[in-house]
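**Q** Need coordinates for the below:
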Amino acid sequence: MTDSKGKYITGIEQRLATFGEGNKPPVQVLADGSTRPLVAGQAAEVPNAPGLDARSEAFVGTNVFVLFDTSNYMYRGFVYASDAIADFVRGLDRADSVAVYTFSRNLSRAAELTRDRTSAIMGLRKAVAGDDAAITACF
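**A** Below is the predicted model:
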């Protein structure tokens with residue numbers, strides 16, 4: 001994302017403490033970028049992860065929040081983006097929950113956080129394109 005002068009907008013650096021992919025068990029991300037398995041009882045050793053519960057059931061399912069740009073900047077690619085988001089939602093693990101938000105002039109919730117893929121996609125399909133963007137940077 002760039003500002004009005006074409007310069008890239010940078011944010012505050014944040015480091016990952018843990019990372020999980022799909023149904024695989026989570027791993028601890030070390031300072032050098034390497035990873036190691038995260039096992040029960042190790043949660044207290046993970047920096048920047050207050051309250052992390054290392055029990056395996058704590059890592060079942062992920063909350064996914066989709067932010068869909070419906071401004072006039074997306075007008076030509078709106079249908080393609082909507083279809084891509086729907087495919088992404090369909091591809092989530094059954095344990096995952098998803099919410100869909102849209103923005104142009106205002107931010108609105110198209111679908112609340114749910115495991116029901118049909119409900120999330122129905123909310124997505126109600127989105128309409130074509131208003132000036134009011135959000136310039138969210139970092």
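**Q** Please make it C-alpha for all contacts and neighbour counts, starting now.
**A** Will do.
**Q** count of neighbours near Arg105?
**A** For Arg105, the number of neighbouring residues by other C-alpha atoms under 10 Å comes to 15.
**Q** Give the pairing partners of the lowest-mean-pLDDT helix or strand in the chain; include direction for each.
**A** Confidence across the helices and strands of the chain bottoms out at strand 18-19, with a mean of 80, counting by mean pLDDT, DSSP states H and E. Applying DSSP bridges, strand 18-19 is found paired with strand 27-29 (antiparallel).
**Q** State the mean pLDDT of the partner strand.
**A** When pLDDT is averaged over strand 27-29, the result is 87.
**Q** same thing with stretch 4-11?
**A** Averaging pLDDT along stretch 4-11 yields 73.
**Q** What of stretch 84-92?
**A** In the prediction, stretch 84-92 has an average pLDDT of 96.
**Q** buried stuff in it?
**A** For stretch 84-92, a neighbour-count test (16 or more other C-alpha atoms under 10 Å) marks Ile85, Ala86, Val89, Leu92 as buried.
**Q** what separates the helix or strand containing the first one from the chain centre, distance-wise?
**A** Pointing back at Ile85 there. In this assignment (DSSP states H and E), Ile85 forms part of helix 78-90. For helix 78-90, the gap between its own C-alpha mean and the chain's C-alpha mean amounts to 14 Å (C-alpha atoms, centre = their mean, to the nearest Å).
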